[in-house]
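J.: any chance you can model this:
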Amino acid sequence: MEQILDVIGATALILLVVIGAVAGLIAGALAGRQRLLYLIAGIAGAVALPFILAALGLGILAAGGLLVILITALIGAVVVLALVRALRGKD
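T.: Coordinates of the predicted model:
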């Protein structure tokens, strides 16, 4: 877990939030409603997934560098947004 924190740093953490926010804004614009919900869900997914994978012992994130972490964040944001959309049904 410390390895991922060393690699991420403050700048990368800000990039994770930005990726999640952009994904959330796009999802909110497509849904038309509940934009704040999608924004928060996108940020949560983008920030959480790299940390979850690191906690599970996947050291590939630390070895892969910033690009792998950012791709993982994008995947996390999309997955969480899809879950929110599925649970909310039609807005």
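J.: please make it C-alpha for all contacts and neighbour counts, starting now.
T.: Fine.
J.: this structure: helices as residue ranges?
T.: 2-31, 35-55, 60-64, 66-88 (DSSP state H).
J.: just the buried positions in stretch 43-56, please.
T.: 43-51, 53-54 (16 or more other C-alpha atoms under 10 Å).
J.: pick out the lowest-pLDDT one from those.
T.: Note: of these, the lowest pLDDT belongs to A54, at 77.
J.: what sits against A41?
T.: 20, 24, 77, 80-81, 84 (C-alpha atoms under 8 Å, 6 or more residues apart in numbering).
J.: which one of these is nearest I14?
T.: G20 (9.9 Å; C-alpha to C-alpha).
J.: spatially, what comes nearest to that closest one if we skip its sequence neighbours?
T.: Distance criterion C-alpha to C-alpha, 6 or more residues apart in numbering; nearest residue to G20, sequence neighbours excluded, is I43 at 3.9 Å.
J.: can I get the contacts of A41 in JSON lines with neighbour count?
T.: Formatted as JSON lines, these follow (neighbours: other C-alpha atoms under 10 Å):
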{"residue": "G20", "neighbour count": "31"}
{"residue": "G24", "neighbour count": "28"}
{"residue": "A77", "neighbour count": "32"}
{"residue": "V80", "neighbour count": "22"}
{"residue": "L81", "neighbour count": "26"}
{"residue": "V84", "neighbour count": "15"}
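J.: redo these as TSV? Include pLDDT and distance to G32.
T.: As requested, the contacts of A41 are exported to TSV (pLDDT from 0 to 100; distance: C-alpha to C-alpha, whole Å):
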residue	pLDDT	distance to G32
G20	90	18
G24	89	12
A77	90	18
V80	90	18
L81	88	14
V84	88	14
